[in-house]
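1. Output the structure for:
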Amino acid sequence: MSGAGDGLLSSVGRALAQALLRGVPGWAVRTGLALAVLLVAWRGSRLLVEALREPVARRVHRRSLSLAVVRGVRIVVLILSAFVALGVYGVEPERLGLAAAILLAGAGAVLTPFIRAFVDGLSVLSDNAYEIGDMVELPDIGHRGFIELITLRYTKIYTLDNTFLVVPNEQAQNRDIVNRSADDPRTWLSLDLTVTYESDIVQARAIVERAAEGVDGVVAGGRNIRIGSARYASAPTCVVESFAENGVALRLFYWVESPYAQLPVRSAILENVRAGFADANVKLAYPHTRAVFDE
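-> Just a heads-up that it's a prediction; the model follows:
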């Protein structure tokens, strides 16, 4: 009895469904099916991106390139689903291709900026001048920050001022961008000081060098660091830069282990220098005027 009852209910359900469909226009059914295809493709493409993200990242070591590959896969899936949806709606493939060709020809002027941006994005990704997570500097506007995202249209920079800076890839191709996090994150910096002519210059240079060596984040010594074909001492080095109007100009060259905390390191060095000079025969020079009166 149970089996017979289930069969009866199934037959009644099919009969009701057919009765309802007879009253629905064909275009409405096709539209519903096409929308269902698009919705499934939209959701399925997101799930596919989540599934491919880690495997692609393991094979493609550059994060920006792996993200571009995953996004490209999703775009391809959505485009194919759009063709399938149009086919379900009843559009013939020949007419669809002709319509696409006419649309592209008519919208060529509109699509030109997007195509140019796409080409610039491919150039940025292929040049590998910077990567997500690198610290970069834009000298023309005086901003520093970290690369947050690289897409085919723009590069997103998270600045040290706690703001976002979006640089179109077309501009990124035509402006100077200094990468502070290249293959070797160690960065060579300098610090200028001026001491009085009455100071002990040899002692002043030694104090400045020790002041830098005692700061966390400063490379205190070791093997020379190579830049191109040249090699530079890794330990802090203080030299006499020039004889200025109000004292002897010194310049300290030092390496920091990473470019991410330059200002705190510089501040700590200055504090150590001031404390070292206070206990020695060294005085910081400052501009002053001597008035001489003629009787």
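
2. can you give me the helices in the protein?
-> Along the chain, the segments classed as helices by DSSP state H run 2-22, 26-59, 63-89, 93-106, 108-127, 169-172, 201-213, 262-278.

3. What backbone torsions are found at residue 173?
-> phi -70, psi -20 (degrees, to the nearest 10).

4. dump the residue contacts of it.
-> Each residue near residue 173 by CB atoms under 8 Å, 6 or more residues apart in numbering is listed here: 120, 123-124. The way it works is simple: take the backbone N, C-alpha and C, and place the C-beta from them, glycine included.

5. any idea how far the residue lying closest to residue 33 once chain neighbours are set aside is from residue 41?
-> Leaving aside its sequence neighbours, residue 33 sits nearest to residue 88 (CB to CB, 6 or more residues apart in numbering; 4.9 Å). In this view, residue 88 and residue 41 are 12 Å apart by CB to CB, to the nearest Å.

6. By mean pLDDT, flag the weakest helix or strand of this protein.
-> helix 2-22 (a mean of 53; mean pLDDT, DSSP states H and E).

7. neighbours of the residue lying closest to residue 193 once chain neighbours are set aside, just the number please.
-> Distances taken as CB to CB, 6+ apart place residue 250 nearest to residue 193, at 4.7 Å, with adjacent residues excluded. Residue neighbour count, defined by other CB atoms under 10 Å, stands at 22 for residue 250.

8. and what of residue 267?
-> Residue 267 has 12 neighbours, counted by other CB under 10 Å.

9. ditto for the one 10 residues further on
-> Residue 277 has 20 neighbouring residues, counting by other CB under 10 Å.

10. Equivalent analysis for residue 32, please.
-> 13.

11. so what's residue 270 up against?
-> residue 191.

12. ok, now the one 5 residues further on?
-> In this structure, residue 275 makes contact with residue 211, judged by CB under 8 Å, 6+ apart.

13. From residue 214, how far out is it?
-> For residue 275, the distance to residue 214 - CB to CB - is 10 Å.

14. For residue 283, give me its contacts.
-> Counting by CB under 8 Å, 6+ apart, residue 283 touches 195-196, 198-199, 277.

15. which one is residue 117 nearest to, not counting chain neighbours?
-> residue 153 is the one closest to residue 117 (CB to CB, 6+ apart), at 4.9 Å.

16. So what's the residue count around the one you found?
-> 15.

17. Same question for residue 197.
-> Residue 197: 12 neighbours (other CB under 10 Å).

18. can you tell me which residues contact it?
-> 247-248, 285.

19. let's go with 10 Å and repeat that
-> With contact taken as CB atoms under 10 Å, 6 or more residues apart in numbering, residue 197 is in contact with 243-244, 246-248, 283, 285.

20. How about residue 166?
-> 148-149, 151, 153-157.

21. which residue is nearest the centroid of the chain?
-> Geometric centre of the chain, nearest residue: residue 147, 1.8 Å, by CA atoms, centre = their mean.

22. my guess is that residue contacts residue 138, does it?
-> No - the criterion here is CB atoms under 10 Å, and residue 147 misses it with residue 138 at 11.6 Å.

23. what's the distance between the residue nearest to residue 68 when sequence neighbours are not counted and residue 132?
-> Spatial nearest neighbour of residue 68, excluding adjacent residues (CB to CB, 6+ apart): residue 125 at 6.0 Å. To residue 132, residue 125 is 11 Å away according to CB to CB.

24. hang on, the earlier thing: would you convert the contacts of residue 173 into a markdown table that also reports distance to residue 291 and neighbour count?
-> Listed next are the contacts of residue 173 as a markdown table, based on distance: CB to CB, whole Å; neighbours: other CB atoms under 10 Å:
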| residue | distance to residue 291 | neighbour count |
| --- | --- | --- |
| 120 | 63 | 20 |
| 123 | 64 | 14 |
| 124 | 61 | 24 |
